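Asks: how would this look folded up:
(chains A and B)
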Amino acid sequence: MQDEKLIIAGKAYNSRLLVGTGKYKDMDETRDAIEASGAEIVTVAIRRTNIGQNADEPNLLDVISPDKYTILPNTAGCYTAKDAVRTCQLARELLDGHDLVKLEVLGDQKTLYPNMVDTIEAAELLIKDGFKVMVYTSDDPIIAKRLEEMGCVAVMPLAGLIGSGLGICNPHNIRLILENANVPILVDAGVGTASDAAIAMELGCDAVLMNTAIAGAQKPVLMASAMKKAIEAGRESFLAGRMPKKAYASASSPIDGTFF
Amino acid sequence: MDIFVNGESRQVQDSCSVQQLLEEMDLSGQRLALEVNEEIVPKSRHSEYCFNPGDKVEIVNAIGGG
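Replies: Residues are numbered from 1 along each chain as shown, chains lettered A, B, ... in the order given. Down below sits the predicted model:
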């Protein structure tokens, strides 16, 4: 069955898996894992250039080329709307006017839970400034709807805390967000293993964004491949529509025609 | 005169341009973004933009992140 493509900010994608580039052992592992994941949208962080670094050290954007991937700069590490907006503006300059960004404004260091007051403030400023904002949010369906109405191009509720690998902690809220959505809804954060990714897709999410679940696996490249399959399996399962759950058994073989 | 580059004090010639600084730092031609006192200086203006004493310069690039 030919699935419809994922459309984000007017661009169509075949892959419904978005991946980060953090926490890998080296650039080779980064490149191999991202290749194995089949992802077409790849997140990066914006940080000070390491002055005096080894000139031979490869640049991330040489390994993950903007010609091949849609680069999604994030505002990770920002705790205020001001810092997030400034980061996005630097990212746009860095990427020659590319204006798709992942907005995240964090609340505290222990939970990295999103600060939704500053997230909304930053989203307003960024949208006014012409950015296409994919926004990391709490799993509050009212906030999620508000972000959509403001003009965010994708809304990305957490399924669990960033880097926690706890899985889809509150599928009921994700479902509530999905029921009312008119923009792509992506689970961002919380996925720990392939079955978590499949569950997110079975709920009806349009895509999943993950980093640590792949980079933190014992064999990241193999896990990237597993995630690719889980996303595809979960999506097909969602489209197929699961059987209803029953309290008692229902024989799969005919009862008639037995010879015993 | 002294300016601050990524938080560190650095001595540059008077009327040093962004382009001259990047060349001194072996960063010329690299993929980066630069701001002075929290205002972006676009690539198209790197040759003409000259620093003032005490300017706070930030030079950033993309690194791994989720």
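Asks: so who does the closest residue to residue A:144 other than its chain neighbours touch?
Replies: Excluding its sequence neighbours, the residue lying closest to residue A:144 (CB to CB, 6 or more residues apart in numbering or on different chains) is residue A:177, at 4.5 Å. Where you see a C-beta, it was placed from the backbone N, CA and C, and this is true even at glycine. By CB atoms under 8 Å, 6 or more residues apart in numbering or on different chains, the contact set of residue A:177 is A:139, A:141, A:144, A:145, A:155, A:157, A:185.
Asks: one more time with 6 Å
Replies: A:141, A:144, A:157, A:185 (CB atoms under 6 Å, 6 or more residues apart in numbering or on different chains).
Asks: what about these, which are in strands?
Replies: Counted as lying in strands by DSSP state E, out of the contacts of residue A:177, are residue A:157.
Asks: please, where are all the strands along chain B?
Replies: B:2-5, B:8-11, B:33-36, B:39-40, B:56-64.
Asks: please name every helix or strand in contact with the last one.
Replies: If I follow you right, that is strand B:56-64. Secondary-structure packing of strand B:56-64 (3 or more CB pairs under 6 Å, 6 or more residues apart in numbering or on different chains; DSSP states H and E): strand A:41-48, helix A:60-63, strand B:2-5, strand B:33-36.
Asks: who does it pair up with?
Replies: Paired strands of strand B:56-64, with direction, are strand A:41-48 (antiparallel), strand B:2-5 (parallel), strand B:33-36 (antiparallel) (DSSP bridges).
Asks: show me the contact partners of it.
Replies: Defining contact as CB under 6 Å, 6+ apart, one finds that strand B:56-64 is touched by A:21-22, A:44-49, A:60-61, A:90, B:3-6, B:32-37.
Asks: repeat that for 8 Å
Replies: A:20-24, A:30, A:44-49, A:51, A:59-61, A:71, A:73, A:90-91, A:94-95, B:3-6, B:21-22, B:25, B:27, B:30-38, B:51.
Asks: what of the fourth one?
Replies: Judged by CB under 8 Å, 6+ apart, the contacts made with strand B:39-40 from elsewhere in the structure are A:89, A:90, A:93, B:33, B:34.
Asks: about what we covered before: out of the helices and strands packed on strand B:56-64, flag the one nearest residue A:127.
Replies: Closest approach to residue A:127 among the helices and strands packed on strand B:56-64 (CB to CB): strand A:41-48, 19.1 Å.
Asks: check the residue in the stretch 101-250 of chain A positioned nearest to chain B and give its pLDDT.
Replies: Chain B sits closest to residue A:211 of the stretch 101-250 of chain A, with a gap of 2.8 Å, by CB to the nearest CB. Note on residue A:211: pLDDT of 97.
Asks: picking that back up, hmm, which of the contacts of strand B:39-40 are the buried ones?
Replies: Among the contacts of strand B:39-40, the ones that count as buried by 16 or more other CB atoms under 10 Å in any protein chain shown are A:89, A:90, A:93, B:33, B:34.
Asks: skip the chain neighbours and tell me the closest residue to the third one.
Replies: Nearest-residue entry for residue A:93: residue B:33, 4.0 Å, with adjacent residues in sequence omitted and distances by CB to CB, 6+ apart.
Asks: picking that back up, output the contacts of residue A:177 in CSV; the columns should cover neighbour count.
Replies: What follows is the contacts of residue A:177, written out as CSV (neighbours: other CB atoms under 10 Å in any protein chain shown):
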residue, neighbour count
A:141, 19
A:144, 26
A:157, 28
A:185, 25
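Asks: tell me which two of the contacts of residue A:177 sit farthest apart.
Replies: The most widely separated members of those are A:141 and A:185, with 10.4 Å between them, by CB to CB.
Asks: count of neighbours near residue A:202?
Replies: By other CB atoms under 10 Å in any protein chain shown, 20 other residues sit near residue A:202.
Asks: around chain B, pick out the residues from chain A.
Replies: A:20-24, A:30, A:43-49, A:51, A:55, A:59-61, A:71, A:73-74, A:76, A:86, A:89-91, A:93-95, A:162-163, A:209-212, A:215 (CB under 8 Å from any CB of the partner chain).
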